[in-house]
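*Asks:* need coordinates for the below:
(chains A and B)
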Amino acid sequence: MRFPPLLMRIRISNERHHINLWLPLFLVWLILGAIMLALSPVVAVLVLIFQNFGWGEFLLMLGPVIYDFICALRGLKIDVDRKNERMVVYFI
Amino acid sequence: MSDSRRRILEMLAEKRISVDEAERLLAVLQADEGKEQRESREKKGSPKYLRVEVKPNPDNLEEVPGKVNIRVPMSLLRAGMKLAAVIPPGVYNQVDAALKEKGIEMDLRNIKPENIEELILALNDLEIDVEDGKQTIHVYAE
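*Replies:* Reported below is the predicted structural model:
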């Protein structure tokens, strides 16, 4: 079973500021999951309506593919260091 | 050039084998080499990350934008390729036309999961080093 990243770390530091944020992404996923669950009947109806136009499969596959993409973000790290400035984005 | 390949060419030069025979032997050899390469990649296993590193040249620290270190999970690559599966029906032709315009002859609908796995496995051998005096760019899989 694959899980989406639970935390996102954003670190920005320069001569004036030093920001180190740990964003609890799991809270976002919980809210998004609840919204998706609430919207699922609407999506089901839309899939049935758009089936005839060839868009049904697209709508049906959109959710799982986006979930897969979000899960794949785990481990992504971007680190940019320039003279006295540094920015790090890390999905954990 | 491998020893076997050299031996075949020598045999051809000495006229011990015909051109057709040499061609057949080289084709068999090429197939064997391809199989060996595939097996060696499979032994190594699938790489987990694609790394992109940009490092300034120590003599040119003033001019260069900075140091960049990016680690992209291979699963993101897989997921990105899967996104092609959800391109709306009418958009495929536009994407294909745009790719052709850039000189890329590729049909996104023909990309299958096994192709993606093969591509990722082949990335094991990828190593790009670009050095231009100001900075060094290193792209590799790990």
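*Asks:* contacts only, for the residue nearest to residue B:4 when sequence neighbours are not counted.
*Replies:* Spatially, and ignoring its direct neighbours in sequence, residue B:4 is nearest to residue B:29 (5.5 Å; CB to CB, 6 or more residues apart in numbering or on different chains). C-betas here are computed from N, CA, C, even on glycine. Residues in contact with residue B:29, defined by CB atoms under 8 Å, 6 or more residues apart in numbering or on different chains, are B:2, B:4, B:5, B:8.
*Asks:* what about the residue of chain B found nearest chain A, how many neighbours?
*Replies:* Residue nearest to chain A within chain B: residue B:66 (3.0 Å; CB to the nearest CB). Residues near residue B:66, counting by other CB atoms under 10 Å in any protein chain shown, number 16.
*Asks:* what about it, distance to residue B:59?
*Replies:* As judged by CB to CB, to the nearest Å, residue B:66 and residue B:59 stand 16 Å apart.
*Asks:* would you mind listing the buried residues in the helix or strand containing residue B:77?
*Replies:* Assigned by DSSP states H and E, residue B:77 belongs to helix B:74-83. For helix B:74-83, a neighbour-count test (16 or more other CB atoms under 10 Å in any protein chain shown) marks B:74, B:75, B:76, B:77, B:78, B:79, B:81, B:82 as buried.
*Asks:* which ones are touching the closest residue to the second one other than its chain neighbours?
*Replies:* Excluding the flanking residues, the one nearest residue B:75 by CB to CB, 6+ apart is residue A:72, at 4.0 Å. Contacts were defined as CB under 8 Å, 6+ apart; by that measure residue A:72 touches B:73, B:75, B:76, B:78, B:79, B:80.
*Asks:* so which elements touch the biggest helix by length in chain A?
*Replies:* Assignment by DSSP state H gives helix A:25-50 as the longest helix of chain A. Applying 3 or more CB pairs under 8 Å, 6 or more residues apart in numbering or on different chains; DSSP states H and E, we find helix A:25-50 packed against strand A:7-13, helix A:56-72.
*Asks:* among the ones you listed, show me which one is buried the most.
*Replies:* Mean neighbour count (mean count of other CB atoms under 10 Å in any protein chain shown) peaks for helix A:56-72 among those, with a mean of 17.
*Asks:* picking that back up, what average pLDDT does the longest helix of chain A get?
*Replies:* Rounded to a whole number, the mean pLDDT of helix A:25-50 is 92.
*Asks:* now the angle from it to helix A:56-72?
*Replies:* 170 degrees (axes from the mean of the first three to the mean of the last three CA atoms, to 10 degrees).
*Asks:* and chain B, which residues reach chain A?
*Replies:* Contact residues, chain B versus chain A (CB under 8 Å from any CB of the partner chain): B:48-49, B:65-73, B:75-76, B:78-80, B:82-83, B:85-89.
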